[in-house]
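1. sequence plus the predicted model coming up.
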Amino acid sequence: MDCVEIAIGLGMLVSNPREVHQWIASRIAKDVEEIWVLALNASCQLIQGKMIYRGTVDRCISHPRDIFRFVITQNACSFILVHNHPSGSLEPSKEDLEITSQLILVSKLVEIPMADHVIVTEKSYVSLKQTNGILFT
């Protein structure tokens, strides 16, 4: 399954990660890194969004099992990972790319696709699916 549209509000669909940023901007911390997961149904509609991890100003350690525990308990058909960079930089770190690769590998094994990984700052966002699409193939 490949979600062309990204779900953003309960039952609502959006066509780009800009709306992920708009939705998450008022929810995500400004001073420390947080990792959020958006669980999607078969129609790519948001079932539930949840902050899974809160870190420090420049680091947030995560583990695929915790992300998939949430995704599975929500009975999701796919999911979007969202995390912030309080520094204001949209450049994905080596760790960002590594966790994305790990999550995509696990998502293939459990057959719950990762629709995107969106990095947000207070003013902007970047979609790793759009900028590093090779990871998602």
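-> That came through, no problem. Numbering: from 1, shown residues only.

2. buried residues, stretch 44-62. List them.
-> 44, 45, 46, 47, 48, 49, 52, 53, 55, 60, 62 (16 or more other C-beta atoms under 10 Å). For glycine as for every other residue, the C-beta is placed from the backbone atoms N, C-alpha and C.

3. quick one: which of these sit in strands?
-> Here DSSP state E is the test, and these give 46, 47, 48, 49, 52, 53 as lying in strands.

4. in CSV: these, plus distance to residue 98 and pLDDT.
-> Rendered in CSV, the data for those read as follows (distance: C-beta to C-beta, whole Å; pLDDT from 0 to 100):
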residue, distance to residue 98, pLDDT
46, 26, 86
47, 27, 88
48, 26, 89
49, 23, 91
52, 17, 95
53, 15, 95
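
5. switch those residues over to CSV; also include distance to residue 126.
-> Formatted as CSV, these follow (distance: C-beta to C-beta, whole Å):
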residue, distance to residue 126
46, 20
47, 24
48, 24
49, 19
52, 20
53, 19
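
6. ok, those vs residue 107, which is closest?
-> When these are compared for distance to residue 107 (C-beta to C-beta), residue 52 wins out at 15.0 Å.
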